[in-house]
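Undergrad: Have a look at this fold, sequence not included:
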C-alpha cells in the first residue's frame, strides 16, 4: 500500500473536471465555477471536493457498479472506479492474484482521490464491500463514510474447509456471476472462479471480520432479501461488529446479489448520493 499523505486542497477556477476513472478509460463531467469557495476563515466544500471510490465485486467487473459510479459523477462528485487486479481479462489471470493485490489497488485509487479532493467515501459491492471495510479498518477515521452493497465476510459452505488443499488440485469451479432478478442485466463476470483466488478471499474475510470494531466511520448498508451468493447474515455481522454510531441498513426487496444492476438500483443510487452529500459536504 502507498504511504498516507495529507490531502491537498486546490483552489480551482474556470472549468473543473470531475472524472469517473475505469482503468485507463476516463469519462469526464465538466462543472463550471470554483470547487472551493472561501468565506473568511470558513471553507465551503462542494460536490467536486468529495471523492468516491467505487469497488466492484470478486470475479466481477466495473460494469456491475458502473451505473452507480456514473450517477455519482453526474451529481458532481469526483469518482474512481478501478479494475481490480486479475479482473476484466480471464479467470486464469485472477488465479495469479491475491487479496493483497486487490487491496493495494483499492488503496492506490483512494490515494489518487486524496490528492484531488478534500474528503473521501468508499463504496463497494460484494467483495468490493469487503475491500471497502478493509480500507476503513486501516485508514482509521480518515474516510468520511462507507457505502456497502451485500458485502461478503464469510460463507458457511462446508466445502470451503477443503480449499487449502483443493486449490492445488482443482483450478476453478463455475462462477457465481449475474445473480440478478432483472432480465437482461449483465455484470460481465467470469464464468469460472479460480479456487486459489477464492482461498485468498477467505483469508481477507477472516481479517476484515476480526477487525470490524476498527470501523468508526458512518456506514450505509444495503442488503438484498434474496441473495443467492452472499447470505444476509454477512450484513448482520457488519451491523454487529462495526463501532460506528452512524449506521443505516436498507433492505432491498426486489433485487438479488448484484443489486446495483437490479430493480432496486435507483433506490441505491438515490440514497447513496444523499449519504455522500451528507457525510462529505453537509457534515459541518
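TA: Received, thanks. Keep in mind that this is a model prediction, so the values were computed, not measured.
Undergrad: so residue 184 is in which element?
TA: Following DSSP states H and E, there is no helix or strand that holds residue 184.
Undergrad: Report pLDDT for it.
TA: Note on residue 184: pLDDT of 96.
Undergrad: got the contact list for the most centrally placed residue in the chain?
TA: Centroid-nearest residue in the chain, with Cα atoms, centre = their mean: residue 124, separated by 1.9 Å. Remark: with contacts taken as Cβ atoms under 8 Å, 6 or more residues apart in numbering, residue 124 is in contact with 54-57, 130-133, 147-149, 151. For the C-beta atoms, the positions are set from N, CA and C on the backbone; glycine is no exception.
Undergrad: Flag every buried residue along the helix or strand where residue 139 lies.
TA: Using DSSP H and E, the element containing residue 139 is helix 127-139. Residues of helix 127-139 classed as buried under the neighbour-count rule (16 or more other Cβ atoms under 10 Å) are 127-137, 139.
Undergrad: List just the nearest of those to residue 232.
TA: Nearest to residue 232 among the buried residues of helix 127-139, counting by Cβ to Cβ, is residue 129 at 13.1 Å.
Undergrad: tell me the pLDDT at that closest one?
TA: For residue 129, the model assigns a pLDDT of 98.
Undergrad: mind checking the SS state of the closest residue to it other than its chain neighbours?
TA: Of all residues not flanking residue 129 in the chain, residue 151 sits nearest, at 2.8 Å (Cβ to Cβ, 6 or more residues apart in numbering). Assigned with DSSP: H, G, I helix; E, B strand; the rest coil, residue 151 falls in the coil class.
Undergrad: repeat for the one 3 residues further on
TA: Residue 154 falls in the coil class when you classify it by three-state DSSP.
Undergrad: what about the closest residue to it other than its chain neighbours, which SS state?
TA: The spatially closest residue to residue 154, leaving aside those adjacent along the chain, is residue 205, at 5.4 Å (Cβ to Cβ, 6+ apart). When the structure is split into helix, strand and coil by three-state DSSP, residue 205 lands in helix.
Undergrad: how close does residue 205 get to residue 212?
TA: When distances are taken as Cβ to Cβ, to the nearest Å, residue 205 and residue 212 turn out to be 11 Å apart.
Undergrad: cool, and residue 70?
TA: Here the criterion is Cβ to Cβ. By it, residue 70 lies 30 Å from residue 212.
Undergrad: Residue 206 too?
TA: If you measure residue 206 against residue 212 using Cβ to Cβ, the figure is 11 Å.
Undergrad: Residue 225 too?
TA: Applying Cβ to Cβ, the value for residue 225 to residue 212 is 23 Å.
Undergrad: who has more neighbours, those two?
TA: With other Cβ atoms under 10 Å as the criterion, residue 225 and residue 212 differ in neighbour count, and residue 212 comes out ahead with 19 against 11.
Undergrad: still on that earlier bit, now find how far off-centre the helix holding residue 139 is within its chain.
TA: Counting by Cα atoms, centre = their mean, to the nearest Å, helix 127-139 is centred 8 Å from the centre of its parent chain.
Undergrad: Please apply the same query to stretch 130-142.
TA: The offset between the C-alpha centroid of stretch 130-142 and the centroid of the whole chain comes to 11 Å, using Cα atoms, centre = their mean.
Undergrad: Am I right that residue 123 is in a strand?
TA: Yes. The assignment for residue 123, made by three-state DSSP, places it in a strand.
Undergrad: just the contacts of residue 124 now: which is nearest residue 260?
TA: Nearest to residue 260, judged by Cβ to Cβ, of those is residue 149 at 5.8 Å.
Undergrad: my guess is residue 125 meets residue 132, correct?
TA: No. With contact defined as Cβ atoms under 8 Å, residue 125 does not reach residue 132; the gap is 9.2 Å.
Undergrad: Can you check which residues contact both of these two?
TA: Contact with both residue 125 and residue 132 is made by residues residue 55, according to Cβ under 8 Å, 6+ apart.
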